[in-house]
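1. What follows is a predicted structure for the sequence shown.
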Amino acid sequence: MKIIKNILLVISTFSFSFGALAVDTSFPNDKVTMWGDYSGITLDVKLIGGAPYDPLYQEMIPVWEEKTGGKVKILSKKSHFELDKEIKQDIAAGNISYCVVSNHTSFATQYGDIYRDLNGIIPGDYLAEFVPLVLDHSTVEGRLVQLPQHSDVSNLWYIKSIYEDADNKKKFKAEHGYDLAPPETLDQWKEQAIFWSDPPNFYGTQYVGKEEAITGRFYELVIAEGGALFDDGWHPTFNDEAGQRALQWFVDLYNAKAVPAGVLNYLWDETGLGFASGTVALNLDWGGWGAYFNSADSKIGGDVGLVRFPLGSGGKRGGWSGSHTYSILNGCPEENLDAAASLIWILTNHEAQMHEARGGKLPTMTRVWDDIANEMDAEGNAFMSNLFSTFKASMAEDAFTPPLIPEWIPFSNIIFPELQAAIVGDKTVKEALDAAAKETDLLMQDAGYY
Amino acid sequence: MNRKFLSSPIILILPSILAIGFVIIIPLIFSFYTSFTSYKLTRPDSLYNFVGLRNYERLIDNVKFWKAFGRTILFLAIVLNLELLFGLGIALLINKITWGQRTLRTIMMFPMMFSPILVGFQWKYIFNDNIGLLNNFLYLFGYESAIPWLIGKKLAMGSIMAAEIWANTAIFSILLLAGLLGIPRDPIEAARVDGCNSWQVFKNITLPFLMPFIFIALTIRSLDVGRAYDIVHIMTGGGPAMRTELIWTMIARVGYKDANMGFANAMSYVSIILSIAFTYYFFTKLVAARRELGQQ
């Protein structure tokens, strides 16, 4: 019952934590502003929703409406997986006359040419503020179809106190022959996760276990193990030895009961809340949870450590990365374009990114990386300073996007059930990857890659 | 000729014909046509890319589809039978009650009032291995292992069946209770006078009278369960490893997530065979049951 009490407490304070920080509505540090008089204009928008995203809308949209006279009508707000399905239905129905929509660099390539090129709509001096590589990732066939709000890449969070405990150190060294410290390699991560596990009260680690989430995790482990999903001719190669080692890692943890039994039904909220409930030792996750993990609302507040994604046998770290973005649809009426651009500006500008970064989300604007680090240093907030220095290094040295091709999601839908089949023991690792490779081969052939 | 064509009966039923045409016939023809194309939701032009029988040919070799098809039949068979048993039991018990029957009937229908999505979330929470009510309840009694209700090969399907049965058994109860209330008392009293025990009365009088109601309920529910989607989608999404994949979760993924609507529609038309087969079977049984009762 301890677990259930902890998690219920965490869930009850979850929304509050994400919404606790306010913005400075005078926008003192925004060099470029995009205010205008948009009285009489109502922008129809569809947005990604949920506790990590809503606070920014709640802060910024009323300010935008007050200062411009425009109105924002949110037609739908849902998880990105649900929004993705809705956009596809909208395309089929020809219902793409709304103006602004949440997007993601991993998803954008699927939707064809429904988005406007933001070059020419968003001023060049504003675009120049963004990290060039992130803008590259936001570009599809030479068109800037989305403007990034924040980026994500994952690093390894851990509960500090269990690593500092003298008994644990002694016991671990006796069992494994090296000093207990946060893992530096995938093998150490696995060993330590098994060491910490005491199911059903406490688990060594966890992973997101379904849909694109587990595909992405597998992808970055394949890279860390020195492999690749595809060769240069887009033939699947993830069933080679590196791919098998990557999948075996998930299988071993599951078989050792070092992850919760229901992990294959987990997505981001389940892993984040599970770690904050204090029942998991090591948790690979993005920075957006950081402030919350370490807050008084979390059961492990003040006891959270962070290290870079451990190295794989290929000498590389995982770094599956992408950015949450906003796009303007072609169907947005010409007379609303300036207002749409202005709305995107207020959701991505310096103030918005600082607001998000104070919670741990990773900025996409070059200047904000420095400003948030300086702010945290000035406050003496060592935890957040470490968060940004760790994630900055990851973004600079490890981050890579999934293949930016329209087939990424259909590919993910092919491979993730096979990954799960190996994890639960319905197939061997080799059988599962070979089956996925065979089906992926057909997908790529049909798509005309070869 | 024109006058005859536009006679009053034709004019009167014309709105219905037009409504049915727009709402049912045209979408059916359209979706049937798309099953012969490579139509992708995200590429509206592909609607005109006619590929003949290719989608159906691929379906014949698609092991995953046929496994989902078989799983759906198994799901249908188990859920329908258990709902019938529980529904009949509840109806018989409520029929015995002489005080508070209306209140109990209303309470019995509560699960039907929840949307399937809400039912899915509620049972997903109950069966969650970590924070779920069921496992934590078991821990109270000293059970020390987290049971993966939504993961295990049989457990996951069983958990979904439990949710489906909880939500919809009342349909059987209500229909069968209506049947029980309509049974004439004379044959039952005559049988008791002749010395029949309760089981003999139930088997030889009550059950034959109930059979038409049972087959109507089975027909309605077989169409419902054959289209099961919401509860499965919320609880497991068809996973893990496709262990709980039913036809409609698969069709929804292919159609909406992969945006491969032409292929998804081909799957839909093949899966309709299942609904037609069950409906035909139950209707044949219904006619036979009515004949036995001397009804036509």
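-> Everything's here; your move.
2. Report the buried residues of stretch A:425-445.
-> For stretch A:425-445, a neighbour-count test (16 or more other Cβ atoms under 10 Å in any protein chain shown) marks A:426-427, A:429, A:432-437, A:439-440, A:443-444 as buried. (C-beta placed from N, C-alpha, C; glycine too.)
3. Repeat that for stretch B:216-235.
-> Going by neighbour count (16+ other Cβ under 10 Å), the buried part of stretch B:216-235 is B:216-222, B:224-235.
4. coming back round to it: of the buried residues of stretch A:425-445, which are in range of chain B?
-> A:426-427 (Cβ under 8 Å from any Cβ of the partner chain).
5. Inside helices: which ones of the buried residues of stretch A:425-445?
-> For these, the ones inside helices are A:429, A:432-437, A:439-440, A:443-444, with DSSP state H as the criterion.
6. Do stretch B:53-61 and chain A come into contact?
-> No. Stretch B:53-61 lies out of reach of chain A by Cβ under 8 Å from any Cβ, never closer than 9.1 Å.
7. For that stretch, buried residues please.
-> B:55-56, B:59.
8. who does the top helix by length along chain B touch, helix- and strand-wise?
-> Ranked by residue count under DSSP H, the longest helix found in chain B is helix B:63-96. Counting contacts by 3 or more Cβ pairs under 8 Å, 6 or more residues apart in numbering or on different chains; DSSP states H and E, helix B:63-96 is packed against helix B:101-108, helix B:153-181, helix B:207-226, helix B:247-252, helix B:261-292.
9. again, only using 10 Å
-> The contact analysis (3 or more Cβ pairs under 10 Å, 6 or more residues apart in numbering or on different chains; DSSP states H and E) places helix B:63-96 against helix A:429-446, helix B:54-60, helix B:101-108, helix B:153-181, helix B:207-226, helix B:247-252, helix B:261-292.
10. now the first one against helix B:63-96, angle please.
-> Read it as helix A:429-446. Interaxial angle of helix A:429-446 relative to helix B:63-96 (axes from the mean of the first three to the mean of the last three Cα atoms, to 10 degrees): 110 degrees.
11. on that earlier part again, quick one, the longest helix of chain B and helix B:153-181 angle?
-> Angle between the axes of helix B:63-96 and helix B:153-181 is 40 degrees (criterion: the same axes, to 10 degrees).
12. Near chain A, list only the ones from the buried residues of stretch B:216-235.
-> Subset of the buried residues of stretch B:216-235 in contact with chain A: B:Met235, counting by Cβ under 10 Å from any Cβ of the partner chain.
13. and A:Trp64, which of the three is it?
-> Following DSSP: H, G, I helix; E, B strand; the rest coil, A:Trp64 is assigned to helix.
14. For the nearest residue to it once chain neighbours are set aside, pull up the helix or strand it's in.
-> Spatial nearest neighbour of A:Trp64, chain neighbours left out: A:Ile346 (4.8 Å); criterion: Cβ to Cβ, 6 or more residues apart in numbering or on different chains. If you go by DSSP states H and E, A:Ile346 is part of helix A:337-348.
15. Present the buried residues of stretch A:425-445 as a markdown table; the columns should include pLDDT.
-> Formatted as a markdown table, those follow (pLDDT from 0 to 100):
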| residue | pLDDT |
| --- | --- |
| A:Asp426 | 95 |
| A:Lys427 | 96 |
| A:Val429 | 98 |
| A:Ala432 | 98 |
| A:Leu433 | 98 |
| A:Asp434 | 98 |
| A:Ala435 | 97 |
| A:Ala436 | 97 |
| A:Ala437 | 98 |
| A:Glu439 | 95 |
| A:Thr440 | 97 |
| A:Leu443 | 93 |
| A:Met444 | 96 |
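16. Export the buried residues of stretch A:425-445 to CSV and append columns for distance to A:Ser277.
-> Supplementary listing: the buried residues of stretch A:425-445 in CSV, determined by distance: Cβ to Cβ, whole Å:
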residue, distance to A:Ser277
A:Asp426, 30
A:Lys427, 32
A:Val429, 31
A:Ala432, 31
A:Leu433, 33
A:Asp434, 38
A:Ala435, 36
A:Ala436, 33
A:Ala437, 38
A:Glu439, 37
A:Thr440, 37
A:Leu443, 39
A:Met444, 41
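17. for the buried residues of stretch A:425-445, which one is nearest chain B?
-> Nearest to chain B among these, counting by Cβ to the nearest Cβ, is A:Asp426 at 5.2 Å.
18. From B:Ala241, how far off is the closest one?
-> 5 Å (Cβ to Cβ, to the nearest Å).
19. With A:Phe388 instead?
-> According to Cβ to Cβ, A:Phe388 and B:Ala241 sit 39 Å apart.
20. show me what contacts the residue of the stretch 101-250 of chain A found nearest chain B?
-> In the stretch 101-250 of chain A, the residue that lies nearest chain B is A:Pro200 (3.6 Å; Cβ to the nearest Cβ). Applying Cβ atoms under 10 Å, 6 or more residues apart in numbering or on different chains to A:Pro200 gives the contacts A:3, A:257, A:260-261, A:279, B:129-130, B:135-136, B:138-139, B:143-147.
21. what does the stretch 101-250 of chain B put close to chain A?
-> With Cβ under 10 Å from any Cβ as the criterion, the stretch 101-250 of chain B comes near chain A at residues B:124, B:127-133, B:135-140, B:143-153, B:156, B:235-243, B:245.
22. Which members of those residues occur in helices, if any?
-> Among these, DSSP H puts B:124, B:127, B:133, B:135-140, B:153, B:156, B:235 in helices.
23. Between the residues you listed, which sits nearest A:Gln110?
-> Distance to A:Gln110 across these (Cβ to Cβ) is lowest for B:Met235, with 26.9 Å.
24. okay, and for the stretch 101-250 of chain B, where does confidence drop off?
-> Low-confidence segments of the stretch 101-250 of chain B (pLDDT under 70): none present.
25. before we move on, back to that, which SS state does the residue of the stretch 101-250 of chain A closest to chain B fall under?
-> Recorded secondary structure, A:Pro200: coil (three-state DSSP).
26. how about the residues of the stretch 101-250 of chain A near chain B?
-> Within the stretch 101-250 of chain A, the residues that sit near chain B (Cβ under 10 Å from any Cβ) are A:110-112, A:114, A:199-201, A:203, A:206, A:209-212, A:214.
27. Same list (these) but as TSV, adding secondary structure and pLDDT.
-> Output for these, formatted as TSV (DSSP: H, G, I helix; E, B strand; the rest coil; pLDDT from 0 to 100):
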residue	secondary structure	pLDDT
A:Gln110	helix	91
A:Tyr111	helix	91
A:Gly112	coil	85
A:Ile114	coil	94
A:Pro199	coil	90
A:Pro200	coil	88
A:Asn201	coil	89
A:Tyr203	strand	96
A:Gln206	coil	97
A:Gly209	coil	94
A:Lys210	coil	92
A:Glu211	helix	91
A:Glu212	helix	92
A:Ile214	helix	97
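28. Compile these into TSV and extend it with columns for distance to B:Leu14.
-> Formatted as TSV, those follow (distance: Cβ to Cβ, whole Å):
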residue	distance to B:Leu14
A:Gln110	44
A:Tyr111	42
A:Gly112	41
A:Ile114	40
A:Pro199	67
A:Pro200	65
A:Asn201	70
A:Tyr203	66
A:Gln206	62
A:Gly209	55
A:Lys210	50
A:Glu211	48
A:Glu212	50
A:Ile214	55
